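Trainee: compute the structure for the input listed below.
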Amino acid sequence: MSKETILIVDDEEDILELIKYNLKAEGYFLLTAVTGEESVKIAKKHTPDLIVLDLMLPGIDGMEVTKILKGDEQTADIPIVMLTAKGDESDIVAGLELGANDYMSKPFSPKELVARIRAILRRRRKQAMEKTSRVEAEGELVIDHSKHKVTIKGEPVDLTYSEFELLAFLFEKKGWVFTRNQIVDAIHGEDYAVTQRSVDVIVVGLRKKLKEYASYIETVRGVGYRFKE
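Mentor: Residues are numbered from 1 along each chain as shown. Predicted structure coming up:
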């Protein structure tokens, strides 16, 4: 089976070479960029299977790159692993809100980065194999799994990757209560580097976008969240 294509975006040559060395050893086909503008052009031209994206870049930064790519139908589904010298919670939350799939702070372990990339791509392959035309609905709230889209009264709801996955996960198991850690494991995979606070932020954003259906995402005090039966 052919290996996937990964775009590495970092303006620090030593970091770029370190990531290239470790991913090349795994057999991945690699593309590289050193600026945000260049990364957007390459992503739109080649549609890589995953992007390793530094946050601090000359020109437009990693956050803006993520916003651009997630806002374009052609590149919206490309998984993004963000790298940054910053490690505080606000950056993690911001990355999740924009739709990043994972997040690592510099300095990082190349082996851990490779392991996370493997996990994301494995999950993506599995989802592609399982992808069906399954459509679920609660009143006029419709979740189309194959198109990864949500509509209310026929109007599209602009959700991030994390918001869609959280909604679909809770919707599939209506009435079941899940802890924040269980939600993270379900939508991003085990060992995802995210705080419980980040899950709360995703829920807040999701509720705002669901409008009259916001109340269906219920908080179970001291435990977590569920989709109302």
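Trainee: all strands for the chain, in order.
Mentor: For the chain, applying DSSP state E gives strands covering 5-9, 29-33, 50-54, 80-84, 102-105, 135-138, 141-144, 149-152, 155-157, 178-179, 217-220, 224-227.
Trainee: residue ranges of the helices in the protein, please?
Mentor: Applying DSSP state H to the chain gives helices spanning 13-25, 36-46, 62-70, 89-98, 110-130, 161-172, 180-188, 196-210.
Trainee: include mean pLDDT, distance to residue 137 and mean neighbour count when you put those into TSV, please.
Mentor: C-betas here are computed from N, CA, C, even on glycine. As requested, the helices of the chain are arranged in TSV below (pLDDT from 0 to 100; distance: least, Cβ to Cβ, whole Å; neighbours: other Cβ atoms under 10 Å):
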stretch	mean pLDDT	distance to residue 137	mean neighbour count
helix 13-25	94	41	15
helix 36-46	95	33	18
helix 62-70	91	25	21
helix 89-98	73	26	20
helix 110-130	82	20	14
helix 161-172	86	10	21
helix 180-188	79	21	19
helix 196-210	85	13	18
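Trainee: go through the strands of the chain and pick out the most buried.
Mentor: Sort the strands of the chain by mean neighbour count, taking mean count of other Cβ atoms under 10 Å, and strand 50-54 sits at the top with a mean of 26.
Trainee: pull it out as CSV, backbone CA atoms only.
Mentor: Presented in CSV, the C-alpha positions along strand 50-54 are these (Å, rounded to 0.1, in the frame of the first residue of the first chain):
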residue,chain,number,x,y,z
LEU,A,50,-1.8,15.5,6.4
ILE,A,51,-0.1,18.8,7.3
VAL,A,52,2.5,19.4,10.1
LEU,A,53,2.2,23.1,10.6
ASP,A,54,4.3,25.4,12.7
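Trainee: what does it contact?
Mentor: Contact partners of strand 50-54, identified using Cβ atoms under 8 Å, 6 or more residues apart in numbering, comprise 4-12, 15, 19, 39, 43, 62, 65-66, 69, 78-84, 100, 113, 117, 120-121, 124.
Trainee: next: stretch 63-75.
Mentor: With Cβ under 8 Å, 6+ apart as the test, stretch 63-75 has contacts from 9, 36, 39-40, 43-44, 47, 51, 53, 55, 57, 60, 76, 78, 80, 82, 94-95, 98-100, 160-161.
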